[in-house]
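Enquirer: Okay, here's the prediction I keep looking at, along with the sequence it came from:
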Number of protein chains: 2
Amino acid sequence: MKKASLKDIAESLGVSKALVSLVLNGKGDERGINKQTQEKVRQKARELNYIPNQYARGLRIGRTNTIGVIVPDISNVFYGTLCKAIEQEAYDKGYNLIISNTYEDVQKEKKLISDLINRNIDGLILASSFDSKNEIQGLTDTNFPLVLVDRVFDDFDVDSVSVSNIDGAKKAIEFLYSKGVKRPVCFSMSPVYVSSISERIKGYMDALKDPNKAKLVQIPHDDIEGGVANALDELQNEDYDGVFCVNNNIAKALIRELSMRGESLDQVRVISFDDIEVFDIVNPKISAIAQPIHEIGKTAVNLLIDRFNNEEGHKPQQVVLDTVLVER
Amino acid sequence: MKKASLKDIAESLGVSKALVSLVLNGKGDERGINKQTQEKVRQKARELNYIPNQYARGLRIGRTNTIGVIVPDISNVFYGTLCKAIEQEAYDKGYNLIISNTYEDVQKEKKLISDLINRNIDGLILASSFDSKNEIQGLTDTNFPLVLVDRVFDDFDVDSVSVSNIDGAKKAIEFLYSKGVKRPVCFSMSPVYVSSISERIKGYMDALKDPNKAKLVQIPHDDIEGGVANALDELQNEDYDGVFCVNNNIAKALIRELSMRGESLDQVRVISFDDIEVFDIVNPKISAIAQPIHEIGKTAVNLLIDRFNNEEGHKPQQVVLDTVLVER
DNA sequence: GAGACTACTAAAACCGATTTAGATTCATAG
DNA sequence: CTATGAATCTAAATCGGTTTTAGTAGTCTC
């Protein structure tokens, strides 16, 4: 049983394709098509289980109701949840998603961007691994609908949704102090070119009571386990009693490493940016700075759709959402 | 700068669209087109940064190089990783993905399936929440390329990829015995209609040394936390010293609940189906039955592609992969 | 120099929708 | 009896590719 086309409906009713198309697109009244004829068309469409061919439609009207999403790694819970949020909102608004992962590979990211665009997506939501906005400058120059999430660039006239990383980091440090921590160190990720990470470091610095006691440890992003282990060795002789992890991957590695060394989480108080389920399962539980992931996704989708509906008048917005301290 | 079309290349070179199309599709030699002409065409295509419009192409040849993927929940690490595996393999083979979540909602799953098909995907990889094969019988009757993963149906002549759940569960129980556990109970999920769960229960039963000592606890899937808490209350007076969790969600809840009650994981030995990172972070670590997720994804994609290339001759296969005991 | 063959290229149909510009009918006004 | 116009509907162009069919030169054969 082949799928029914416009033509099938038109022929079986003895009317033209044009009429059928107009009726089914709700332009029947506007175009003065007889109510009874309209009803017959709709009836027949149901009967034949007609659904328009999206590709013919896309070819003609230049839109495909598909949004591209590029994230570093969908199997990372943060991005998985973000995609879920995006998908829900997009689905409600009648859009589908094409999701791709870069695995932080800048070359792959470039290729993916052009691949997706050439698949005629209507717009792109991008959590970029690029180290500068230059890489996507070309995209924005062509006026392609783009929303950056999670990782954004300063002074860049593009729609974006991010969280107040500086503020979130400050909250984390203040929380540590309030729990009696005297000297918090910061476990950071290198390289730090992504905006979110560098901002969190700045927040840490800003919140320190005594800037001279700042201690920043760089964990290489391609060997988190090893980096954390080295860091702990190095810190053996330093006196510190709290750790602020700039993301959950570092925190997970830290928890694992500490327990392998038989050191309790009671001795060193840990707090992390990004709240994940693990923090609620380990003992003792770990506090965290949670991002409003659902809202990030929802906002990103709506910025895009606003742009679609408003091609000319749209002004790029940089939305910055607040984080929440999850105290455990 | 608008995107270049076939016509642009043809006109700027003074040849026909047809010639350009043939050359760029590698049929130049076959059709005896002058080598030099071919080179000029390719050169110009590069110069104009030409990429074919996938929708025009899809409309004409009836394929879109897009695979639909439907899973219960992409923010669940298991499915996130599965999607990642599928995406990698598909990407390598030149296919894109459209991913959607059902959240175990059968109605949404039905709608998603028809939505995706009407977006002209070439094939579908489905981790279904349906309780019977009847729901997708219609799909297979139309001969639509479909591969079931994770959750499959017996006696169903459809491509599928799953793991040997019975065998995996047996391994888990045997492992518990080998570690001195005397009486393992099974924390299962209700309802149990999905094949994977019921098979794991069967594996548990089969592996018990004394079937009279079987103890099966049903955890409602929509209140795992509460279900686990109730189960632990109920088990207070029973003597048991090991728990086999049929999936990671139950295990996570169990670990959390045990530590909240101050009970150590040393007293009750826990093992879970599905291996997740958490099990390597908590203290003590948790052993697990790992699924070869990457291979599942890869196999599913290749079954689909084989079907594409082999429309008539393709025979549905039920691939069953082995699990691995991850001992910690 | 006609017929056949080779090497190359163009034209046109087609996929299935949308949309523009116009055609047809019929009633009413002048 | 014709012009005006409202009400209905349609033909055809279009989107950007792919593929089939048909053609034109030029060369070779006898």
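Expert: The structure has been received and is ready for your questions. Residues are numbered from 1 along each chain as shown, chains lettered A, B, ... in the order given.
Enquirer: Residue A:42 against residue A:25, yeah?
Expert: No - assessed by C-beta atoms under 8 Å, residue A:42 is found out of contact with residue A:25, at 11.5 Å. (Glycine included, C-beta is placed from N, CA and C.)
Enquirer: OK, contacts around residue A:305?
Expert: Contact analysis of residue A:305 by C-beta atoms under 8 Å, 6 or more residues apart in numbering or on different chains lists A:93, A:95.
Enquirer: and residue A:42 and residue A:25? which has more neighbours close in?
Expert: Shown here are residue A:42 and residue A:25; by other C-beta atoms under 10 Å in any protein chain shown, residue A:42 has more neighbours (16 against 12).
Enquirer: mind checking pLDDT for the nearest residue to the more buried one once chain neighbours are set aside?
Expert: Counting by C-beta to C-beta, 6 or more residues apart in numbering or on different chains, the nearest residue to residue A:42 once its immediate chain neighbours are dropped is residue A:23, at 6.7 Å. pLDDT recorded at residue A:23 is 95.
Enquirer: do the same with residue A:192
Expert: 68.
Enquirer: Could you check the helix or strand bottoming out on mean pLDDT in chain A and say which residues are buried?
Expert: Scoring the helices and strands of chain A by mean pLDDT, DSSP states H and E places helix A:134-141 at the bottom, with a mean of 80. Using 16 or more other C-beta atoms under 10 Å in any protein chain shown as the test for burial, helix A:134-141 gives A:135, A:136, A:139, A:140.
Enquirer: Output those in TSV, with distance to DNA strand C appended to each entry.
Expert: Formatted as TSV, the buried residues of helix A:134-141 follow (distance: C-beta to the nearest atom of the strand, whole Å):
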residue	distance to DNA strand C
A:135	34
A:136	30
A:139	26
A:140	27
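Enquirer: part of a strand, is residue A:270?
Expert: Yes - assessed by DSSP: H, G, I helix; E, B strand; the rest coil, residue A:270 belongs to a strand.
Enquirer: show me the contacts for it.
Expert: A:242, A:243, A:245, A:251, A:254, A:255, A:286 are the contacts of residue A:270 under C-beta under 8 Å, 6+ apart.
Enquirer: Isn't residue A:229 up against residue A:257?
Expert: Yes - Residue A:229 sits in contact with residue A:257 when judged by C-beta under 8 Å, with a separation of 5.6 Å.
Enquirer: right, and the secondary structure at the residue nearest to residue A:261 when sequence neighbours are not counted would be what?
Expert: Sequence neighbours aside, residue A:232 is the residue nearest to residue A:261 in space, at 7.1 Å (criterion: C-beta to C-beta, 6+ apart). Secondary structure, three-state DSSP: residue A:232 is helix.
Enquirer: Confirm for me that residue A:232 is in contact with residue A:257.
Expert: Yes - contact criterion C-beta under 8 Å: residue A:232 and residue A:257 qualify, at 6.0 Å.
Enquirer: Mind listing what's buried along the helix or strand that contains the residue nearest to residue A:42?
Expert: When elements are assigned from DSSP states H and E, residue A:23 belongs to helix A:17-24. Buried residues in helix A:17-24, defined by neighbour count with 16+ other C-beta under 10 Å: A:19, A:20, A:21, A:22, A:23, A:24.
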